[in-house]
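Asks: what's the 3D shape of this:
(one chain, ligands or ions: 2)
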Amino acid sequence: MKPSEQPLRHLEGQPRPDEDALKLEPRDVKRVDAATLEWTWGDGHVSTYRFKYLRVSCPCAACVDEWSGKRRVEVSQIAEDVVIRKFEPVGAYAVRFEWSDGHNTGLYSFRFLREICPCSECQARRAAEGAKGSEA
Ligand SMILES: [Zn+2]
Ligand SMILES: [Zn+2]
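Replies: Ligands and ions are numbered 1, 2, ... in the order given. Got it, this is the predicted structure:
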């Protein structure tokens, strides 16, 4: 068989190389109401984040202890009606939010945002992965 006739079957069923990139690429980001951000990803997945959830999840050094990974800010310390004042893309991989409470040091990478997606599908996946991790 000539090389050009070799079947391409070995490629089937494998993730396309750009699938991961698509997953982490924002296609559309919009505010759907006073307290909710809807984020559509390149692979079609939709993440709906409450502003407060995003604020509480802030990964910056002031909110999370860098050494222990322990969160320094309690959910109760964040105002219920916190809103995003400014939305600033950082390079091609992250976004910085400026919050109504003045906090603006958190850099939310797209990977991080995708990881904290609160939809039931992602929650179930994280739970499954967590269970797998604890078994090992
Ligand atoms: Zn922060
Ligand atoms: Zn999700």
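
Asks: What average pLDDT does the one helix or strand Ala124 maps to get?
Replies: Assigned by DSSP states H and E, Ala124 falls within helix 120-135. When pLDDT is averaged over helix 120-135, the result is 86.

Asks: is ligand 2 contacted by that helix?
Replies: Yes: counting by CB under 5 Å from the ion, contacts between helix 120-135 and ligand 2 involve Cys122. For glycine as for every other residue, the C-beta is placed from the backbone atoms N, C-alpha and C.

Asks: Show me which residues of the protein sit near ligand 2.
Replies: Contact residues (CB under 5 Å from the ion) of the chain with ligand 2: 117, 119, 122.

Asks: Please repeat the previous calculation with a cut-off of 6 Å.
Replies: 45, 47, 117, 119, 121-122 (CB under 6 Å from the ion).

Asks: Now do the same contact list for the closest residue to Asn104 other than its chain neighbours.
Replies: Distance criterion CB to CB, 6 or more residues apart in numbering; nearest residue to Asn104, sequence neighbours excluded, is Glu98 at 4.2 Å. For Glu98, the contact set (CB atoms under 8 Å, 6 or more residues apart in numbering) comprises 84-88, 104.

Asks: what do you get for Ser57?
Replies: Ser57 neighbours (CB under 8 Å, 6+ apart): Ile116.

Asks: Need the phi and psi values for it.
Replies: phi -80, psi 0 (degrees, to the nearest 10).

Asks: Around ligand 1, pick out the residues from this structure.
Replies: 58, 60, 62-63, 103, 105-106.

Asks: Thank you kindly, that will do.
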